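Novice: Generate a structure from the sequence data that follows.
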Amino acid sequence: MPLSASKHIALINAVLTTLLFSVVYIIIFLSFFTFKPLPLLIFIPLIFVFAYFISNLLFDQYIKEKLKVIYKTIGLLKPENEPPLLKKRKTDELEIVNSVVLKWSEEKKKEIEELKELAAYRREFLGNISHELKTPIFNIQGYVLTLLDGGLDDKLVNEKFLQKTEKSINRMIALVEELEEIAKLESGELVLKEEVFNLYDLTREVIDFMEMKAANHNTKIVLHSSMNRSMKARADKKRIRQVFINLIDNAIKYGNQKGGVIRISCYNFHNNYLVEVQDNGIGIPEENIHRVFERFYRTELSRSRDTGGSGLGLAIVKHIIEAHRQTISVRSKEGEGTTFSFTLKMA
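Specialist: I've put the predicted structure just below:
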């Protein structure tokens with residue numbers, strides 16, 4: 001077993017001290033007395049042992065104090081997580097502190113990278129939200145100026161621009177409400193009201209609700225035969241309804257405008273249901289798939305479309321599913337379509 005740092009230094013010091021004593025003893029006795037080797041042979045082991053233990057004690061205490069400074073610096077010297085080497089010193093202290101400091105260094109590097117990512121995300125988020133708010137605000141400003149410049153006198157213009165103003169105001173209200181909802185979901189303030197409900201009936205209800213919007217985009221919604229009337233789930237029905245609406249709405253916006261098909265299916269998956277919402281739309285580039293649940297995120301291809309919306313729908317979906325302690329994933333191929341899959345607990 002290799003010696004610890006303090007023991008190694010103490011051993012070297014003891015050897016040097018013993019050699020020095022031996023040389024001094026020989027010089028003195030050769031100069032003034034007749035040299036007698038017996039006392040030297042007796043004192044050498046005693047001096048070696050004494051020098052070793054004293055040196056080990058002093059160096060051990062010295063190293064311990066220095067290590068305490070290091071651990072205080074990296075915030076580890078607390079009663080509940082005091083490093084083992086400050087309690088029992090059976091291994092090389094310097095090796096241990098080296099590994100601890102390296103680990104601490106890696107953790108700090110990781111924290112710095114995460115902070116950089118958060119800072120970049122914050123800048124992007126602020127830019128996105130300012131853009132989303134700026135559009136309806138400028139629209140409202142334009143409508144109001146038009147009315148002030150004489151539009152109020154024309155009943156048709158008056159009514160038309162007031163309706164457009166209302167639409168822009170509603171867009172801002174929806175954006176603020178969705179931001180508030182995400183904040184509540186992230187902070188845990190939004191309490192889920194779980195209940196047992198018929199998954200088939202809920203899906204059918206949402207399809208009926210979204211059917212007209214889908215038809216306006218030349219899209220039809222199909223309920224796959226894998227979903228039947230006996231399927232019952234345990235979740236917050238209102239929130240799961242919102243998940244379906246957001247996913248179908250997303251599929252309509254980015255679907256195939258020349259004949260879109262949205263297929264909803266459901267399968268037994270252990271003690272859960274696996275629900276899938278599939279479209280045959282523009283798809284998502286592979287390098288962008290990991291970002292689809294980010295707030296305000298849109299691919300460049302989807303930005304070119306007049307899709308409307310706040311860009312928060314998928315972020316809300318992800319938060320709702322995770323609040324149920326379930327999972328959601330996405331797979332997509334550009335030009336072929338996208339499939340969102342999420343799990344729900346069986347009742």
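
Novice: Next SSE downstream of the least confident helix or strand in the chain by mean pLDDT?
Specialist: Every helix and strand of the chain was ranked by mean pLDDT, DSSP states H and E. The lowest is helix 300-303, at a mean of 48. Scanning forward in sequence from helix 300-303 by DSSP states H and E, the next helix or strand is helix 313-323.

Novice: Show me what that following helix is packed up against.
Specialist: Packing partners of helix 313-323 (3 or more C-beta pairs under 8 Å, 6 or more residues apart in numbering; DSSP states H and E): helix 155-187, helix 237-253, strand 328-333, strand 337-345. Glycine gets a C-beta too; all of them are placed from N, C-alpha and C.

Novice: With mean pLDDT, mean neighbour count and distance to Leu126 as extra columns, can I get these in CSV?
Specialist: Rendered in CSV, the data for the helices and strands packed on helix 313-323 read as follows (pLDDT from 0 to 100; neighbours: other C-beta atoms under 10 Å; distance: least, C-beta to C-beta, whole Å):
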stretch, mean pLDDT, mean neighbour count, distance to Leu126
helix 155-187, 83, 14, 12
helix 237-253, 93, 21, 23
strand 328-333, 93, 17, 26
strand 337-345, 95, 21, 28
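
Novice: With distance to Val261 as extra columns, can I get those in a markdown table?
Specialist: Output for those, formatted as a markdown table (distance: least, C-beta to C-beta, whole Å):
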| stretch | distance to Val261 |
| --- | --- |
| helix 155-187 | 27 |
| helix 237-253 | 9 |
| strand 328-333 | 15 |
| strand 337-345 | 9 |
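
Novice: what about those, which gets the closest to Thr203?
Specialist: Taking C-beta to C-beta, helix 237-253 is the member of those nearest to Thr203, at 6.4 Å.

Novice: need the next SSE after the closest one, C-terminal direction.
Specialist: Next in sequence after helix 237-253, counting helices and strands by DSSP H and E, comes strand 260-269.

Novice: buried set for that following strand?
Specialist: Neighbour-count burial for strand 260-269 flags 260-266 (criterion: 16 or more other C-beta atoms under 10 Å).

Novice: what does stretch 43-57 give?
Specialist: For stretch 43-57, burial by neighbour count (16+ other C-beta under 10 Å) applies to 47-48, 51-52, 55-56.

Novice: Taking the centroid of this structure, which residue is nearest it?
Specialist: When C-alpha atoms, centre = their mean is applied to the chain, the residue found nearest the centroid is Glu114 (8.9 Å).

Novice: Are we agreed that that residue is in a strand?
Specialist: No. Checked against DSSP: H, G, I helix; E, B strand; the rest coil, Glu114 lies outside a strand; its state is helix.

Novice: Could you measure from it over to Glu107?
Specialist: Glu114 sits 10 Å away from Glu107 when distances are taken as C-beta to C-beta, to the nearest Å.

Novice: shared neighbours, those two?
Specialist: Here Glu114 and Glu107 share no contacting residue, scored by C-beta atoms under 8 Å, 6 or more residues apart in numbering.

Novice: I appreciate the help and will end here.
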